[in-house]
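Novice: build the 3D model from these lines:
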Amino acid sequence: MENKHNNPANEIQVELSEEIAQGTYANLAVIAHSSSEFILDFIRIVPGAPKAKVKSRIILTPDNAKRLLFALQDNIAKFEEQQGERTAKFDEFIPAIGGIKGEA
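Specialist: Numbers count the residues shown, from 1 in each chain. You can find the predicted model right below:
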């Protein structure tokens with residue numbers, strides 16, 4: 001029986017333009033969902049700026065969102081095996097859009 005996953009005919013060639021290869025920095029992700037899709041907005045917040053812009057929006061089916069979750073979990077586990085465990089503090093204060101007034 002032929003294994004279709006190892007068949008070169010099923011390979012997808014992925015192209016990456018120079019512009020996309022540069023990447024886009026985001027330090028906040030906002031996730032929303034409906035009955036048929038998950039929406040991931042990647043945002044860059046700059047301290048003191050009155051607004052934060054969505055830099056990228058990715059729309060996924062629920063099945064692909066779950067695949068992304070599993071892929072992230074797998075990659076984080078591999079990263080932490082090499083680099084040591086990271087402790088993320090999810091209960092830390094996240095500033096509202098518009099920033100926080102700083103004090104000197």
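Novice: tell me the secondary structure for Thr87?
Specialist: Of the three states, Thr87 takes coil under DSSP: H, G, I helix; E, B strand; the rest coil.
Novice: distance of it relative to Gln73?
Specialist: 16 Å (CB to CB, to the nearest Å). The C-beta positions use only the backbone N, C-alpha and C, and glycine is treated the same way.
Novice: more neighbours: those two, which one.
Specialist: Gln73 (10 against 4; other CB atoms under 10 Å).
Novice: which parts of the helix or strand where the more buried one lies are buried?
Specialist: Taking DSSP states H and E as the criterion, Gln73 maps to helix 62-83. In terms of neighbour count (16 or more other CB atoms under 10 Å), helix 62-83 has its buried residues at Ala65.
Novice: quick one: mean pLDDT for that helix?
Specialist: Here helix 62-83 scores 95 as its mean pLDDT.
Novice: distance from the chain centre to that helix, please.
Specialist: In this view, helix 62-83 has its centroid 11 Å away from the chain centroid, taken as CA atoms, centre = their mean, to the nearest Å.
Novice: and for that helix, what are the contacting residues?
Specialist: 33, 36-38, 60, 86 (CB atoms under 8 Å, 6 or more residues apart in numbering).
Novice: which one of those is nearest Val14?
Specialist: Leu60 (17.0 Å; CB to CB).
Novice: leaving out chain neighbours, which residue sits closest to that closest one?
Specialist: Counting by CB to CB, 6 or more residues apart in numbering, Leu60 lies nearest to Phe38, which is 4.7 Å off, once chain neighbours are set aside.
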